[in-house]
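Peer 1: Structure for this input, please:
(chains A, B, C and D)
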Amino acid sequence: MIHKLYDSAAAAVADIFDGATVLIGGFGEAGSPIELIHALIDQGARELTVVNNNTGSGHVGLAALIENGRVAKMICSFPRTANSTVFPDLYSRNKIELELVPQGTLAERIRAGGAGIPAFFTATSVGTQLAEGKELRQFNGREYVLEHALTADFALIKCRSADRLGNLVYNKTARNFSPVMATAAQTTIVQADKYVAAGELEPESIVTPAIYVDRIVAVSTPLQESDLVAAGAQYP
Amino acid sequence: MIHKLYDSAAAAVADIFDGATVLIGGFGEAGSPIELIHALIDQGARELTVVNNNTGSGHVGLAALIENGRVAKMICSFPRTANSTVFPDLYSRNKIELELVPQGTLAERIRAGGAGIPAFFTATSVGTQLAEGKELRQFNGREYVLEHALTADFALIKCRSADRLGNLVYNKTARNFSPVMATAAQTTIVQADKYVAAGELEPESIVTPAIYVDRIVAVSTPLQESDLVAAGAQYP
Amino acid sequence: MTTATNTAMGWSRQDIARKIAADIPDGAFVNLGIGMPESVVNHIPDGREVIFHTENGLLGMGPAPPAGEEDPELINAGKRHVTAITGASFFHHADSFAMIRGGHIDICVLGAMQVSQAGDLANWSIGEADAAPAVGGAMDLVAGAKQIFVATQHCTKSGKPKLVESITLPATGLAVVSRVYTDMAIFDVRNGAFELVELAPDIDLQTLQDNTGAAIIIPGHAEAGKAASL
Amino acid sequence: MTTATNTAMGWSRQDIARKIAADIPDGAFVNLGIGMPESVVNHIPDGREVIFHTENGLLGMGPAPPAGEEDPELINAGKRHVTAITGASFFHHADSFAMIRGGHIDICVLGAMQVSQAGDLANWSIGEADAAPAVGGAMDLVAGAKQIFVATQHCTKSGKPKLVESITLPATGLAVVSRVYTDMAIFDVRNGAFELVELAPDIDLQTLQDNTGAAIIIPGHAEAGKAASL
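Peer 2: Residues are numbered from 1 along each chain as shown, chains lettered A, B, ... in the order given. Below you'll find the predicted structure:
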């Protein structure tokens, strides 16, 4: 019998190792698996490479993971946002590495990683600093840059509902990077607002098929990052 | 006001020109837009390059388009199936060109065409005849072949429901190539079992967003290819 | 080159948004960048149906929700609360940027730090070494959308021209801008030059040229550099 | 090399399917090729949950429907009518082959025309010049699935060995097969050789070697070519 449900976020993230590459879902707070991130802080793994569109807000969630010194390198498109001070501060003091990737190239590199495409060409970033040192090639008279797949040891994502087999559906724009991240990690760990029986999700509407999901944690009332930030919360 | 509904299949395919490249959805009969194909036969365009996984069955639909001499070249993965005699016969007499593409590479080339990726690497076909003459490259010690995007002038696809804006949902395994084909054509023409008002399709479950759809024809009781083949039908 | 203050002259931010909105055809699929472009959504003329895309996975973005009805999982690329129109669809990031990169977005309206007469755009970095750079989806949008409209103040806050012969800030994309809307004028970027389309009220050509770092072309007058003397 | 007729000897097609099914672990995601592999679905041991993928866009393929309940839009890769299990999902072809190419399918069971001791597989073309070649998803599956099992008769209909030193028919993929199940035996393909795992009843090693176009290795016996004398 397929059994992917874990008792706790702590149990689900227990084997994330020092130096691991971790894809973390979410675009700002929308879709951020904050309980899994907090469990990862508690767990203590260090020297992580983290892939997320941003770098978190305030002193909770992803920002707290960074603030607690667990992240050696961020791969992201937009490390600065309102209420984001942790990463910019560490970066200005040379305490954290940054690989800046255009947002669509980031999404496509992750998708390629999950889809067995080691590299692809894109016009995005051609003629800019972000294409420097990369292979260029013309197709039909237009110049493109070669970008490489991005894969990871773990993915931490959040979804609206997960069924027993591991099928997932998401909520509105909280979907964002999570479906492609689920495909590109060796181990995909999901926090679900709802855990349901197989068959409760409409087969035509499943966004992440069960094959991509390894572990599920039910978190029925997840913390909301913006509430915590507004309250001045700090984790741990 | 966005208005994509056409009165008839004939009106929707009227401007398909001689020599056009046409993506045609369907895997066997599942998802085959048979009314649009028949309208294209009536319309008379010739020297078409047609992309479909197969080459049709019996003497209706895609097989009839080929049999009526409208197709100069097929791009497909599996041109032989049960009840498929039209293409094999023309091919053996050197009357039609074939570009044979592995099924997954075919899907990915179309997806790349719609996604602005001019070329990508894949391990599929490495070491086989189908990689001969193509660029090879190693990534992480494994060999891959460079494959190019496939785009088209028109796509003809079938779906279960289309809304006024052009959002589509499909039915079971009749989905197959249609969602990627819709993204890769200059003009995407859809036959829908049902035409509905905007808002009738669940936003989280839409498979083809409206941006990809140009024309919709409502065909509430489509012909079923296997029924026609069993009855020995011939089109026109 | 003088640095005009142009207070109360030319178009307001809302005027600019209205001018852009007027140029968006019925049925267009449009992506609006963060900042000034966002207000375009409020000025689409009656009877026109324009569908807004936000790159974080929503086609059919609607206006901000009423206070108290914000959903933290329904936001735009600027991470502001939005709504979804009837007929909207949600999709993941790779699908969203496939839509952008694949050339399916008709018009993208972006802000600018600099635009060159070749259509080069700089809008993501001021090139400071110790500040974390942030690009977001800007490079994808300029490479992918069919047309790039720029919405910007004509000059920087310190009065320097943003429309220039060559950008000096890091590029977002080269030869990508087709139209520029500022508080002073509207230009087509064509044949390596800024072609004047419309001049704002109370702005004369001399003022416009004085505040522009590249020659302005008046269509029908072939020679560059003549604008100021017309 | 003799051409054995082996009627009523060795394993039946259902036996082979049962042997394969027994080797598929609980929780595996499996793709079954057209032909002999299809019957594996009927032999999964009780208590094991195995999810079947069909490359035309369905994860959670179930058995054939009862007569009269066939749905022409619910078929497998062989274009036969199937059903969908509780918890199934549908997706498009690019997503389906991303699943395959990306290494997410645990086991794919395919038929074969030839398998070499290096694990090269030929199963798509007999190389006839005037017959339309057809590859389908075979090259994607062998390149992408974590493990490739081959299910095949040990010899061709004319009695020629299908297990050979080097394939002579056009390759589907090189060094891709990990296990071979025939009516005569089961082999691991390892270190460039066919390692015997299990011999079918009423088949002796001499008969097996005589019907195999490459040396058979008996694990624990290092030298090749010894199998026949054991």
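
Peer 1: Check the chain for me, the residue farthest from its geometric middle.
Peer 2: In the absence of a named chain, this looks at chain A. Among the C-alpha atoms of chain A, the one farthest from their average position, using CA atoms, centre = their mean, is that of residue A:141, at 35.4 Å.

Peer 1: could you do chain C instead?
Peer 2: The outermost residue of chain C relative to its centre, with distances by CA atoms, centre = their mean, is residue C:68 at 30.6 Å.

Peer 1: Please enumerate the helices of chain A.
Peer 2: If you assign secondary structure with DSSP state H, the helices in chain A sit at A:9-12, A:34-43, A:61-67, A:86-92, A:103-115, A:178-184, A:225-230.

Peer 1: Identify each buried residue in the fourth one, please.
Peer 2: Looking back up the chat, that one is helix A:86-92. For helix A:86-92, the buried set under the neighbour-count rule, 16 or more other CB atoms under 10 Å in any protein chain shown, comprises A:86, A:87, A:88, A:90, A:91. Where you see a C-beta, it was placed from the backbone N, CA and C, and this is true even at glycine.

Peer 1: what's the burial count for the spatially closest residue to the last one that is not a sequence neighbour?
Peer 2: What sits nearest to residue A:91 in space, not counting adjacent residues and going by CB to CB, 6 or more residues apart in numbering or on different chains, is residue C:132, at 4.3 Å. Applying other CB atoms under 10 Å in any protein chain shown, we find 21 residues neighbouring residue C:132.

Peer 1: Residue C:132 contacts residue A:80, correct?
Peer 2: Yes. Counting by CB atoms under 8 Å, residue C:132 touches residue A:80, with 5.6 Å between them.

Peer 1: which residues do the two both contact?
Peer 2: Common neighbours of residue C:132 and residue A:80, counting by CB atoms under 8 Å, 6 or more residues apart in numbering or on different chains, are A:55, A:87, A:88.

Peer 1: just to revisit the earlier point, generate a markdown table for the helices of chain A, with mean pLDDT as supplementary columns.
Peer 2: A markdown table is the format used below for the helices of chain A (pLDDT from 0 to 100):
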| stretch | mean pLDDT |
| --- | --- |
| helix A:9-12 | 98 |
| helix A:34-43 | 98 |
| helix A:61-67 | 97 |
| helix A:86-92 | 94 |
| helix A:103-115 | 98 |
| helix A:178-184 | 98 |
| helix A:225-230 | 95 |
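
Peer 1: can I get the ones you listed in CSV with distance to residue B:48?
Peer 2: Converted to CSV, those look like this (distance: least, CB to CB, whole Å):
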stretch, distance to residue B:48
helix A:9-12, 53
helix A:34-43, 52
helix A:61-67, 52
helix A:86-92, 54
helix A:103-115, 30
helix A:178-184, 35
helix A:225-230, 53
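
Peer 1: For residue A:216, find the nearest of these.
Peer 2: With CB to CB as the criterion, residue A:216 lies closest to helix A:9-12 of these, at 7.9 Å.

Peer 1: residues in contact with residue C:201?
Peer 2: Residue C:201 sits next to C:10, C:11 when contact means CB under 8 Å, 6+ apart.

Peer 1: ok but it is inside a helix, no?
Peer 2: No. Inclusion of residue C:201 in a helix is not indicated when DSSP: H, G, I helix; E, B strand; the rest coil is applied; the result is coil.
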